[in-house]
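> Fold the following, please.
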Amino acid sequence: MEKNVVLTMRGISMTFPGVKALDNVDFTLRKGEIHALMGENGAGKSTLIKCLTGINAFESGEIHVDGISGPVVNHSTLDAQKKGISTVYQEVNLCPNLSVAENLFIGREPKTRIGTIDWKTMTKKSQKIMKDLSIDIDVTQNLENYSLAIQQMIAIARAVDMESKVLILDEPTSSLDDNEVEKLFVLMRRLRAQGVGIIFVTHFLEQVYAVCDRITVLRNGQLVGEYPIEELPRVKLVAAMMGKDFDDLAAIKTEDKTDYSKAPLYIEAKGLSHKGTIKPFDFEIHKGEVVGLTGLLGSGRTELARVLYGADKTQSGTMKVNGKEVKINAPIEAMNLGMGLLPDDRKAEGIIQDLSVRENIILALQAKRGVFKLLPMSKQIEIADKYIELLQIKTASRETLIKQLSGGNQQKVILGRWLATDPEFLILDEPTRGIDVGTKTEIQKLVLKLAKEGKSIIFISSEIEEMLRTCSRMAVLRDGQKVGEITEDLTQQHVMAEIAGGGSK
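Purely as a prediction, here's the structure:
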């Protein structure tokens, strides 16, 4: 193993049923470096970490850890910990009802001569650990009395005290505010100075450039490359993650040149926010307009949409619908105002697996009417048949269970569900993810047809090309903040430069 390297992973491959999750991936971590592991959803970041920490069994490849001769295979996270590899997850997996000291020493408590827990020694050692990391807290207090950021740091302190050579931080900043993130960075830099190798998994670009020394990018289970931070400007990082090359990007222009600023406003939002996910934003959409929300995964696209729809309660700001001020506290209130939301996770939030296609299609309409005003069966059949035909849903019958349909057809059923309510405003979050090209084109055409009928649509997609084809303008999000809008020059280069941060950084 070369000098100064604490971890090497070579040729790691792993297959889930029908999917090559990792394909011959290499990764190198040096002592005293903070190394970002980057990639869009499904790139293989989590799978690679699970192979390292013993959660997943990989099929081929080798892992080497400094100080251990021969290849290493971990069979559990405990196994990995014993070899100096610790992970701190986004969700703090400690015990909130125990004290800080008990959490630091859980499973390895110092004992007295007669075999009971030596509380005095445990408190003393805990105080020293906290002091060494400049964390000023009372270690005898229960963990639940401290903020999420402090809990995160205690989890890191525990990992460090177990003499970790490799510290994996998996999305540790997702629930933290800016001040808490800065405290975490101070701790990370201190550990780097002590020679700990840190793998930092995050989707926040700003944070990568604030604290990391090196970046490894994965895409579709393959290694795109490893780069020193100064050699990979943001715009190139975005291109690497999304699989686009700036030299040969096709500039696809939308044919729609309608000036929507003359059309009536449907929604006008000012200063809306949701704690921990999205900073205050302004947003407006005119009737008949398709507005795209663009940004990398985790930039806040879904969160912004959920705040508008009332799925997440707003912390601040005001909102007008059709010129009238409204307060939307729950999705049913949004539905009664003529709104619909097609969620990005159709399995968890969209389909009801054990109901039929018919039942899934009439669900939102029935919810609007209320439980005591059941839709007559003849009406249910009429609505279901109408949307099965309109959307070309491939199903044996309207009574087929939705779980028996393909992903693309399930997506069409949920779309049919919202169209049945005759909405004025539709939020489509990743409506074409995981479906075939033919169906994608049908959905894009349908979006444009609905807009021509005067419906307002928010369109969220990870595929910039389809947004360019369907949207008249785009709002750009980064790190939970709306950072700009693109109304002119809707090209891939321009959009990706904006996502990356103005293209100049």
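> Wait, residue 414 touches residue 351, no?
Yes. Using Cβ atoms under 8 Å, residue 414 is in contact with residue 351, at 6.5 Å. Every C-beta, even on glycine, is put in place using the N, C-alpha and C of the backbone.
> what's the overlap in contacts for the two?
Residues touching both residue 414 and residue 351 (Cβ atoms under 8 Å, 6 or more residues apart in numbering) are residue 360.
> Residue 207 versus the residue nearest the centre of the chain, what's the distance?
Closest to where the C-alpha atoms of the chain average out (Cα atoms, centre = their mean) is residue 298, at 4.0 Å. In this view, residue 298 and residue 207 are 11 Å apart by Cβ to Cβ, to the nearest Å.
> So for residue 228, what's the nearest residue that isn't a sequence neighbour?
Nearest non-adjacent residue to residue 228, counting by Cβ to Cβ, 6 or more residues apart in numbering: residue 214, 5.7 Å away.
> now do residue 227
That would be residue 215: by Cβ to Cβ, 6+ apart, it lies 5.1 Å from residue 227.
> Give me the mean pLDDT for the helix or strand encompassing the one you found.
Per DSSP states H and E: residue 215 is located in strand 214-219. Strand 214-219 shows a mean pLDDT of 94.
> Report the distance from it to the chain centre.
A distance of 17 Å separates the centroid of the chain from that of strand 214-219, by Cα atoms, centre = their mean, to the nearest Å.
> so what does it touch, helix or strand wise?
Judged by 3 or more Cβ pairs under 8 Å, 6 or more residues apart in numbering; DSSP states H and E, strand 214-219 is in contact with strand 19-30, strand 34-38, strand 222-228, helix 234-242.
> quick one: residue 215 and residue 39 touch, right?
No. Counting by Cβ under 8 Å, residue 215 stays clear of residue 39, with 10.3 Å between them.
> what's the angle between the particular helix or strand that has residue 477 in it and helix 234-242?
Element membership for residue 477 (DSSP H and E) is strand 473-478. Angle, strand 473-478 to helix 234-242, by axes from the mean of the first three to the mean of the last three Cα atoms, to 10 degrees: 100 degrees.
> what lines up beside strand 473-478 in the sheet?
Within its sheet, strand 473-478 is paired with strand 290-294 (parallel), strand 481-486 (antiparallel), according to DSSP bridges.
> Contacts for the shortest one, please.
When you say that, I think you mean strand 290-294. Residues from elsewhere that reach strand 290-294 (Cβ under 8 Å, 6+ apart): 285, 301, 304-305, 447-448, 451, 456-461, 464, 467, 470-477, 495, 498-499.
> Just the buried ones from the residues you listed?
285, 301, 304-305, 447-448, 451, 456-461, 464, 467, 470-477, 495, 498-499 (16 or more other Cβ atoms under 10 Å).
> Average pLDDT for stretch 488-496, rounded please.
79.
> residues of it that come out buried?
The neighbour-count check on stretch 488-496 (16+ other Cβ under 10 Å) flags 490-496 as buried.
> picking up where we left off before, kindly reformat the helices and strands packed on strand 214-219 as a markdown table containing mean pLDDT, distance to residue 85 and mean neighbour count.
What follows is the helices and strands packed on strand 214-219, written out as a markdown table (pLDDT from 0 to 100; distance: least, Cβ to Cβ, whole Å; neighbours: other Cβ atoms under 10 Å):
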| stretch | mean pLDDT | distance to residue 85 | mean neighbour count |
| --- | --- | --- | --- |
| strand 19-30 | 92 | 10 | 19 |
| strand 34-38 | 96 | 14 | 24 |
| strand 222-228 | 95 | 19 | 15 |
| helix 234-242 | 82 | 25 | 21 |
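> Please identify which of these is closest to residue 160.
strand 34-38 (14.1 Å; Cβ to Cβ).
> From the contact counts, what lies against the closest one?
If you count contacts as 3+ Cβ pairs under 8 Å, 6+ apart, strand 34-38 packs onto helix 45-53, helix 178-193, strand 197-201, helix 205-211, strand 214-219, helix 234-242.
> residues touching the residue nearest to residue 228, list them.
Under the criterion of Cβ under 8 Å, 6+ apart, the neighbours of residue 214 are 30, 33-36, 226-229.
> ok, so of those, who is nearest residue 145?
Nearest to residue 145 among these is residue 34, at 29.5 Å by Cβ to Cβ.
> There's contact between that closest one and residue 202 in this structure, I believe.
No. At 10.7 Å, residue 34 and residue 202 do not qualify as touching, with contact defined as Cβ under 8 Å.
> returning to that earlier point: among the contacts of residue 214, which one sits closest to residue 482?
residue 36 (24.1 Å).
> how much space is there between that closest one and residue 200?
Applying Cβ to Cβ, the value for residue 36 to residue 200 is 5 Å.
> if I look at these two, which residues touch both of them?
Common neighbours of residue 36 and residue 200, using Cβ under 8 Å, 6+ apart, are 208, 212.
> which residues in the stretch 201-350 of the chain form strands?
Ranges of strands in the stretch 201-350 of the chain, per DSSP state E, counting those that start in this stretch, are 214-219, 222-228, 265-274, 278-286, 290-294, 316-321, 324-326, 339-342.
> can you tell me which residues contact residue 399?
356-358.
> Quick one: the residues you listed as a markdown table, columns for secondary structure and pLDDT too.
Below are the contacts of residue 399 laid out as a markdown table (DSSP: H, G, I helix; E, B strand; the rest coil; pLDDT from 0 to 100):
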| residue | secondary structure | pLDDT |
| --- | --- | --- |
| 356 | strand | 93 |
| 357 | helix | 92 |
| 358 | helix | 94 |
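> By neighbour count, which of those residues wins?
residue 357 (27 neighbours; other Cβ atoms under 10 Å).
> Am I right that residue 381 sits in a helix?
Yes. Judged by DSSP: H, G, I helix; E, B strand; the rest coil, residue 381 forms part of a helix.
> Begin at 17, not 1, for the rest of this chat.
Shifting the count to begin at 17 puts that one at residue 397.
> Would you mind pulling the contact partners of stretch 66-78?
For stretch 66-78, contacts defined as Cβ under 8 Å, 6+ apart pick out 23-31, 38, 40-41, 63, 79, 87, 89-93, 95-96, 101, 103, 184.
> In strands only, show me those residues.
Secondary structure from DSSP state E places 23-31, 38, 40-41, 79, 101, 103, 184 of the contacts of stretch 66-78 in strands.
> On the three-state scheme, residue 409 is what?
Under three-state DSSP, residue 409 falls in the coil class.
> Next: the one 5 residues further on.
Classification of residue 414 by three-state DSSP places it in coil.
> hang on, it packs against residue 404?
Yes. Judged on Cβ under 8 Å, residue 414 makes contact with residue 404 at a distance of 6.2 Å.
> re the thing from before, adding distance to residue 502, write the strands of the stretch 217-366 of the chain out as JSON lines.
Shown next, in JSON lines, are the strands of the stretch 217-366 of the chain (distance: least, Cβ to Cβ, whole Å):
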{"stretch": "strand 230-235", "distance to residue 502": "24"}
{"stretch": "strand 238-244", "distance to residue 502": "26"}
{"stretch": "strand 281-290", "distance to residue 502": "19"}
{"stretch": "strand 294-302", "distance to residue 502": "14"}
{"stretch": "strand 306-310", "distance to residue 502": "8"}
{"stretch": "strand 332-337", "distance to residue 502": "23"}
{"stretch": "strand 340-342", "distance to residue 502": "28"}
{"stretch": "strand 355-358", "distance to residue 502": "23"}
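> Out of the contacts of stretch 66-78, which end up buried?
For the contacts of stretch 66-78, buried by 16+ other Cβ under 10 Å: 23-25, 28-30, 38, 41, 63, 79, 90, 96, 101, 103, 184.
> what distance separates the start and the end of stretch 26-43?
Terminal residues of stretch 26-43 are spaced 7 Å apart (Cα to Cα, to the nearest Å).
> Which residues outside it are in contact with it?
Contacts of stretch 26-43 (Cβ under 8 Å, 6+ apart): 23-25, 53, 60, 63-64, 67, 72-80, 232, 234, 237-239, 242.
> Since that was my last question, I'll sign off now.
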